[in-house]
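generate a structure from the sequence data that follows.
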Amino acid sequence: MLEPLKPLYNKTLRPFALFLARFGVHPNHITISGLLFFIVSAWFVNRGNWRTAFVLVIAGSLFDGLDGVLARETGKKSVFGGILDSCCDRLTEIFLFAGLFLYYLKNPVINYTEIILCFTGVSGSLMVSYVKARCEGSGVVCSRGLLQRPERLILLMAGLLTGQTVMFWILLIISVLSVFTVIQRILEAALRSRKV
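So this is what the prediction gives:
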């Protein structure tokens, strides 16, 4: 859904990527740094300091896009870099959902619905990514999807900024639309695999 904005996003990050390139910063270092921002943000989510977590997620998201731009600008794109980036992308979501899960688990005021939604949300998110990866591994293009990773992160950031009441609905939306996106991708794979 946000895919058309990617060129503008990359263009915005390009000057910073060129600045880092002067100092010999490797794209993989940026990838790991972005993951560290998400890990720390998950800790703040768990502690109930969601506004601080929100700022850290924004920083982590910028680093998440910056590694690819830096790799292209410095000619350091590699197979391992792509694998590392994909693995860290999955881990960022896992850590965020884990932070929420732990927060709800130790908060007696909240009922277990949010805990269940954390589980269904992260499961759906991982399945969306898995279907695409499995298709690409089989040589099948699979690019459709209503709720991809950027949209999920934006929703989670909105929840961190607005609080528990809104986060409940966001977790519900992510859970439902992730399943819908998985079905979208499986149907697309079924159609495209006939041509392979």
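
so where's the protein uncertain?
1-7, 9, 108-110, 195-196 (pLDDT under 70).

measure the residue nearest the centre of it to residue 51 for me?
Compute the mean C-alpha point of the chain, and by CA atoms, centre = their mean the closest residue is residue 149, 4.4 Å away. From residue 149 over to residue 51 the distance is 23 Å, taken as CB to CB, to the nearest Å. Placement of C-beta: from N, CA and C, glycine included.

before we move on, what about residue 160?
Distance, residue 160 to residue 51, using CB to CB: 7 Å.

swap in residue 113?
24 Å.

dump stretch 172-180 to PDB, restricted to CA.
Extracted in PDB, the C-alpha atoms of stretch 172-180 (Å, rounded to 0.1, in the frame of the first residue of the first chain):
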ATOM      1  CA  LEU A 172      -7.200  -6.400  16.300                       C
ATOM      2  CA  ILE A 173      -6.700  -4.700  12.900                       C
ATOM      3  CA  ILE A 174      -3.200  -6.200  12.500                       C
ATOM      4  CA  SER A 175      -4.500  -9.600  13.400                       C
ATOM      5  CA  VAL A 176      -7.400  -9.600  11.000                       C
ATOM      6  CA  LEU A 177      -5.800  -7.800   8.100                       C
ATOM      7  CA  SER A 178      -2.600  -9.900   8.400                       C
ATOM      8  CA  VAL A 179      -4.700 -13.100   7.800                       C
ATOM      9  CA  PHE A 180      -6.400 -11.300   4.900                       C
END
